[in-house]
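**Q** this is a predicted model, with the sequence first.
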Amino acid sequence: MNTRAIHISHMMLRLMLGITFILHGKFKVEWGYGNLADWLTTEGIPLAVFFSYALPWIEIIGGLLIVIGLWSRYISILFILILAVALFQVKLSAGFLSNTATGYEFDILMLLVSIHVALTAPSSVRSSWNVFNKGGANSHVEGKNHEV
C-alpha cells in the first residue's frame, strides 16, 4: 500500500475521532449540566456533578486538539479512559446491538480509533498536516516504516 495513503487514512481517523468528540461534548453542554449530572448519578458514576461539568469540555477541547493535531496521543489516551468507563459502567449491559438502548458497538469502535490514534499520531502539529506537502507523507509517523 502507498505510504501516502496510509498517512491520509491515519489523518482521517484522527479527524473523525476529534469531530465526533466535539459533537458529543456539544450535545452534553446543550443537554445541560444538571441533566447530565442526574444521568451520571443514575449510572453509578462517582463525582457525577464534577464530571457533568468536566466531561463535555474535555470532549470539546480534546476533540479540537485532536483535529488540529496538538497532543493527539495524550488526548486519545484520555478518550480511551472515558470510553472504557462508558463501556464497562454504562453500555455493556445493553448488549452489542440493543433494541431498547444504544448498544456498545459504537463505543468499541471509538475505543479502537482512540487506541489507533494513541499509537500512531504524529508528535507535532506540523507532522499532523505534513501529508499534504509534496514528499511530506514520510514524516507523519516519525521513525516508523509503514510498508505493507
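**A** Happy to help now that I have it.
**Q** list the contacts for residue 126?
**A** With contact set as CB atoms under 8 Å, 6 or more residues apart in numbering, residue 126 has no partners. All C-beta spots, glycine's among them, are computed from the backbone N, C-alpha and C.
**Q** can you tell me what sits against stretch 21-29?
**A** Stretch 21-29 is contacted by residues 36, 52, 55-60, 62-64, 66-67, 79 when judged by CB under 8 Å, 6+ apart.
**Q** most neighbours, which of the residues you listed?
**A** residue 66 (30 neighbours; other CB atoms under 10 Å).
**Q** give me the nearest residue to that one, chain neighbours excluded.
**A** With CB to CB, 6 or more residues apart in numbering as the criterion, residue 66 has its nearest non-adjacent residue at 3.4 Å, and that residue is residue 18.
**Q** returning to what we had before: so can I have JSON lines of the contacts of stretch 21-29 showing distance to residue 89 and secondary structure?
**A** Output for these, formatted as JSON lines (distance: CB to CB, whole Å; DSSP: H, G, I helix; E, B strand; the rest coil):
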{"residue": "36", "distance to residue 89": "15", "secondary structure": "helix"}
{"residue": "52", "distance to residue 89": "15", "secondary structure": "helix"}
{"residue": "55", "distance to residue 89": "13", "secondary structure": "helix"}
{"residue": "56", "distance to residue 89": "18", "secondary structure": "helix"}
{"residue": "57", "distance to residue 89": "20", "secondary structure": "helix"}
{"residue": "58", "distance to residue 89": "16", "secondary structure": "helix"}
{"residue": "59", "distance to residue 89": "17", "secondary structure": "helix"}
{"residue": "60", "distance to residue 89": "22", "secondary structure": "helix"}
{"residue": "62", "distance to residue 89": "19", "secondary structure": "helix"}
{"residue": "63", "distance to residue 89": "21", "secondary structure": "helix"}
{"residue": "64", "distance to residue 89": "26", "secondary structure": "helix"}
{"residue": "66", "distance to residue 89": "23", "secondary structure": "helix"}
{"residue": "67", "distance to residue 89": "27", "secondary structure": "helix"}
{"residue": "79", "distance to residue 89": "15", "secondary structure": "helix"}
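**Q** lowest-confidence helix or strand of the protein?
**A** In the chain, the helix or strand scored least confidently by mean pLDDT, DSSP states H and E is helix 125-129, which has a mean of 72.
**Q** so who does the residue nearest the centre of the chain touch?
**A** By CA atoms, centre = their mean, the mean C-alpha position of the chain lies nearest to residue 17, the distance being 4.3 Å. Counting by CB under 8 Å, 6+ apart, residue 17 makes contact with 63, 66, 76, 79, 110, 113-114, 117.
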